[in-house]
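In: here you go, sequence then predicted model.
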There are 2 protein chains.
Amino acid sequence: MNPLKNDRFLRALLRQPVDVTPVWMMRQAGRYLPEYRATRARAGNFMNLCQTPELACEVTLQPLARYALDAAILFSDILTIPDAMGLGLTFAEGEGPQFARPVRTAADVAALGVPDPHQELRYVVDAVSLIRRELAGSVPLIGFSGSPWTLATYMVEGRGTKEFRYAKGLMFEQPKVMHQLLDTLAKSVTLYLNAQIAAGAQAVMIFDTWGGVLTTRDYAEFSLHYMQQILDGLTREVDGQKIPVILFTKEGGEWLEAQAATGCDALGIDWKSPIAQARRRVGDKVALQGNMDPCVLYASPERIEAEVATILASFGQGSGHVFNLGHGIHQHVDPERVKGFIDAVHRLSVPYHQAVNA
Amino acid sequence: MNPLKNDRFLRALLRQPVDVTPVWMMRQAGRYLPEYRATRARAGNFMNLCQTPELACEVTLQPLARYALDAAILFSDILTIPDAMGLGLTFAEGEGPQFARPVRTAADVAALGVPDPHQELRYVVDAVSLIRRELAGSVPLIGFSGSPWTLATYMVEGRGTKEFRYAKGLMFEQPKVMHQLLDTLAKSVTLYLNAQIAAGAQAVMIFDTWGGVLTTRDYAEFSLHYMQQILDGLTREVDGQKIPVILFTKEGGEWLEAQAATGCDALGIDWKSPIAQARRRVGDKVALQGNMDPCVLYASPERIEAEVATILASFGQGSGHVFNLGHGIHQHVDPERVKGFIDAVHRLSVPYHQAVNA
């Protein structure tokens, strides 16, 4: 493997000194880029784009050709594991994901196997290997998975939801069945992420998209507990190089202390609270990744720069901050605005690292 | 007017002793009730249901005939004010609200007038008078409005959104224009709620459905500030009877202290944090309304009762708690489950009020 030319991202996650604050964007390979839309059209459908390593690699690298990003993230979907379990995933145009065979009963749950990452999910592992090779050491590659709770909500509902009627219904009414499902998913995610790490992922992120719809009690029992189980089973070092793990619970800002106590290396945070407050709350336990409102990218270059400056000042001196949006970049953002944003993070963060590097 | 036979709800909002914890449900007059669906079908379309005082009264009273609820809430929509401003509100089946003429520019905002509640919104005032008369003092009537920020998001987007591209774009790029819009809306909401109070509303609630998508800074500046402006202009007493005001920012649990400092009487809270924690944070400044996850109503009667017991114990001894869901009741809930829920709140809350009433 090529030696890593830019390791700011990994160093910041481990709270080691950096020259400037590293930056990447959730969904940086996405619909706001015309070149993404072109590849997506060539792929035919979304799952084909995910399942063809060459195409997944192509779109993963697209934003890196435009912007001075400090990390690449595997292009894939969070629902690859339920699909590999045989639930029949499709993406109807403008409708979001749908499963042909939702999981609703104890028998449905008992019938689920743990997918072998080198069989049913081999296309993901192959994509990771290919992307890592194509990156040629320019920046680190992030692997990822959905959290067990998040995957379970889609599997039980059979589709996206705002109400969580079936998933929470199962949780409240048959908690043991829900726990069995979550345990199977935690085992599956652990194998999946370890396979990504073995194939070349240099950091991994767990997306808990729907943990934030739970009560504090249910979040601890049904979401965080299983992310903890995954963390306990992950490969955390390869060839003497640490593999940092980032947890991100959307709308989970009330529970940062509990998240930091899992032993992860970093927390993703949304834009609701100032990052200074999050930093005070987690102390030196973890690094933080965030937290600009993605809608700021609809504003003028001057306004974007002002917001970057505010967030950098809020975090303050020293390492431990990976700049990001608080959510995925929106599809209607002008790619030109993004360039100014990325460059502003690097340029304006210099003073926050001088004392440490002096 | 008839003297009020059941004033538990008003007393709890004012933190005065009560015999049992009062309870009502957001969207208690709604699609989960077959009698509501029948009236809705007779009305033809949703706006006709809102705009015909006899029909609005009919659906308002329906849940009271079934359940031992401690309050009625005016049946209406939060978007009546923008509709009265001439934006052309329609509800496409399964699509949510849409405005024919969204507000996007400084000129659009400057052209907006403040609706006269006794002209364009007379149907609401008439509904309040009629419902109050029909209630005949059985329970108090709650009036309500959307918050200025929440109304502004719909007016600028022209429809519901998950991204807030245009509303936040305007806020970040032309904050003065957004402030002018919010000021016009705050003036309109103040007149509107005062007219509801004059017509017989015995408490009012401000629904800030979308304040929770803002940063702490932007919430204070663009949402809470205008709710404060409304509070400062509301009629707070009629014939020696206090008119309590409830603020509810969905996903606003991080900002309870700031909300309590506005001088409102009570805060609505969602289910994310235990109510004990919210009570510690707001101290004796305000009462609390909440906070059961609406999905608990999909569970068995035993599980529902257990959750009611947990929340009552979490709030603890004394008055200052109005039991409610943390969000509107879902349309697929079985009405039979609701009966058990309401009765459980009354039955299980007795011990929490005995010390005070002894």
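Out: That came through, no problem. Numbering: from 1, shown residues only, chains lettered A, B, ... in the order given.
In: the residue nearest to A:Tyr219 when sequence neighbours are not counted: neighbouring residues, count only.
Out: Of all residues beyond its chain neighbours, the one nearest A:Tyr219 is A:Gly211 (5.5 Å), with distances taken as Cβ to Cβ, 6 or more residues apart in numbering or on different chains. Placement of C-beta: from N, CA and C, glycine included. Residue neighbour count, defined by other Cβ atoms under 10 Å in any protein chain shown, stands at 29 for A:Gly211.
In: over to A:Glu173?
Out: A total of 15 residues lie near A:Glu173 under the criterion other Cβ under 10 Å.
In: that one: what's it in contact with?
Out: For A:Glu173, the contacting residues are B:Tyr298, B:Ala299, B:Ser300, B:Arg303, taking Cβ atoms under 8 Å, 6 or more residues apart in numbering or on different chains as the criterion.
In: what separates it from A:Asp218, distance-wise?
Out: Noted for A:Glu173: a distance of 13 Å to A:Asp218, by Cβ to Cβ, to the nearest Å.
In: overlap in contacts of the two?
Out: Looking at what touches both A:Glu173 and A:Asp218 (by Cβ under 8 Å, 6+ apart), there is no common residue.
In: what does the stretch 51-200 of chain A put close to chain B?
Out: A:Glu163, A:Phe164, A:Arg165, A:Lys168, A:Gly169, A:Phe172, A:Glu173 (Cβ under 8 Å from any Cβ of the partner chain).
In: now stretch A:247-259: buried residues?
Out: Within stretch A:247-259, the residues that qualify as buried by neighbour count (16 or more other Cβ atoms under 10 Å in any protein chain shown) are A:Leu247, A:Phe248, A:Thr249, A:Lys250, A:Glu251, A:Gly252, A:Gly253, A:Glu254, A:Trp255, A:Leu256, A:Gln259.
In: part of a strand, is the first one?
Out: So the one you mean is A:Leu247. Yes. Checked against DSSP: H, G, I helix; E, B strand; the rest coil, A:Leu247 lies within a strand.
In: bridging residues for it?
Out: With beta bridges defined as DSSP bridges, A:Leu247 has these partners: A:Ile206, A:Leu267.
In: give me every residue that touches it.
Out: The contact partners of A:Leu247, by Cβ under 8 Å, 6+ apart, come to A:Met205, A:Ile206, A:Asp208, A:Met227, A:Gln259, A:Thr262, A:Cys264, A:Ala266, A:Leu267, A:Gly268.
In: ok, it to chain B distance?
Out: For A:Leu247, the distance to chain B (Cβ to the nearest Cβ, to the nearest Å) stands at 18 Å.
In: all the helices of the stretch 1-150 of chain A, in order from the start?
Out: If DSSP state H, counting those that start in this stretch is used as the criterion, the helices of the stretch 1-150 of chain A fall at A:8-13, A:34-43, A:46-51, A:53-66, A:80-84, A:106-110, A:122-135, A:148-157.
In: right, and the helix or strand after the last one?
Out: Per DSSP states H and E, the first helix or strand lying C-terminal to helix A:148-157 is helix A:165-173.
In: quick check: angle from that following helix to helix A:148-157?
Out: Direction vectors for helix A:165-173 and helix A:148-157, defined by axes from the mean of the first three to the mean of the last three Cα atoms, to 10 degrees, enclose an angle of 110 degrees.
In: quick one: helix A:165-173 to chain centroid distance?
Out: How far helix A:165-173 lies from its chain's middle: 26 Å, per Cα atoms, centre = their mean, to the nearest Å.
In: what's the average pLDDT for that helix?
Out: pLDDT averaged over helix A:165-173 equals 97, rounded to a whole number.
In: for that helix, buried residues please.
Out: Buried residues in helix A:165-173, defined by neighbour count with 16+ other Cβ under 10 Å: A:Arg165, A:Tyr166, A:Ala167, A:Lys168, A:Gly169, A:Leu170, A:Met171, A:Phe172.
In: can you check stretch A:292-312 too?
Out: Of the residues in stretch A:292-312, A:292-299, A:303-308, A:311-312 count as buried by neighbour count, 16+ other Cβ under 10 Å.
In: do stretch A:6-23 as well
Out: Judged by neighbour count using 16+ other Cβ under 10 Å, the buried positions of stretch A:6-23 are A:6-15, A:18-23.
In: which among these gets closest to A:Pro102?
Out: A:Leu13 (36.1 Å; Cβ to Cβ).
In: tell me the confidence at that closest one?
Out: 98.
In: that one is in contact with A:Ala287, isn't it?
Out: Yes. In this structure, A:Leu13 sits in contact with A:Ala287. The criterion is Cβ atoms under 8 Å, and the distance is 5.0 Å.
In: any residues in contact with both of these two?
Out: Shared contacts of A:Leu13 and A:Ala287, defined by Cβ under 8 Å, 6+ apart, comprise A:Pro244, A:Asp265, A:Ala266, A:Val322.
In: the last one belongs to a helix?
Out: This points to A:Val322. No. Secondary structure of A:Val322 (three-state DSSP): strand, not part of a helix.
In: which one is it nearest to, not counting chain neighbours?
Out: A:Gln289 (4.2 Å).
In: so what does the helix or strand where the one you found lies touch, helix or strand wise?
Out: A:Gln289 is located in strand A:287-292, with elements delineated by DSSP H and E. Packing contacts for strand A:287-292, counted by 3 or more Cβ pairs under 8 Å, 6 or more residues apart in numbering or on different chains; DSSP states H and E, involve helix A:8-13, strand A:266-268, helix A:275-282, helix A:301-315, strand A:321-325.
In: at 6 Å instead, please
Out: In terms of contacts (3 or more Cβ pairs under 6 Å, 6 or more residues apart in numbering or on different chains; DSSP states H and E), strand A:287-292 is packed against strand A:266-268, strand A:321-325.
In: give me the distance from the first one to the chain's centre.
Out: The chain centroid and the centroid of strand A:266-268 are separated by 10 Å, computed with Cα atoms, centre = their mean.
In: what about the residue nearest to A:Val322, how many neighbours?
Out: By the measure other Cβ under 10 Å, the count of residues near A:Gln289 is 28.
In: now swap in A:Gln354 and tell me
Out: Neighbour count for A:Gln354, taken as other Cβ under 10 Å: 10.
In: I'd assumed A:Met178 was in contact with A:Leu170.
Out: Yes. Under the criterion of Cβ atoms under 6 Å, A:Leu170 lies in contact with A:Met178, with a separation of 5.1 Å.
In: and the gap between A:Thr215 and A:Lys242?
Out: Counting by Cβ to Cβ - A:Thr215 and A:Lys242 are separated by 34 Å.
In: between those two, which is the more surrounded one?
Out: In terms of neighbours (other Cβ under 10 Å), A:Thr215 is the more surrounded of A:Thr215 and A:Lys242; the figures are 22 against 15.
In: go ahead and confirm that one touches B:Trp271.
Out: Yes. With contact defined as Cβ under 6 Å, A:Thr215 reaches B:Trp271; the gap is 5.2 Å.
In: between these two, which contacts overlap?
Out: Listed contacts common to A:Thr215 and B:Trp271 are nil; contacts here mean Cβ atoms under 6 Å, 6 or more residues apart in numbering or on different chains.
In: for chain A, what's the longest helix?
Out: Ranked by residue count, the top helix of chain A under DSSP state H comes out as helix A:175-199.
In: quick check: residues of the stretch 201-350 of chain A near chain B?
Out: By the rule Cβ under 6 Å from any Cβ of the partner chain, the part of the stretch 201-350 of chain A lying against chain B is A:Thr215, A:Thr216, A:Trp271, A:Ser273, A:Cys295, A:Val296, A:Tyr298, A:Ala299, A:Arg303, A:His330, A:His332.
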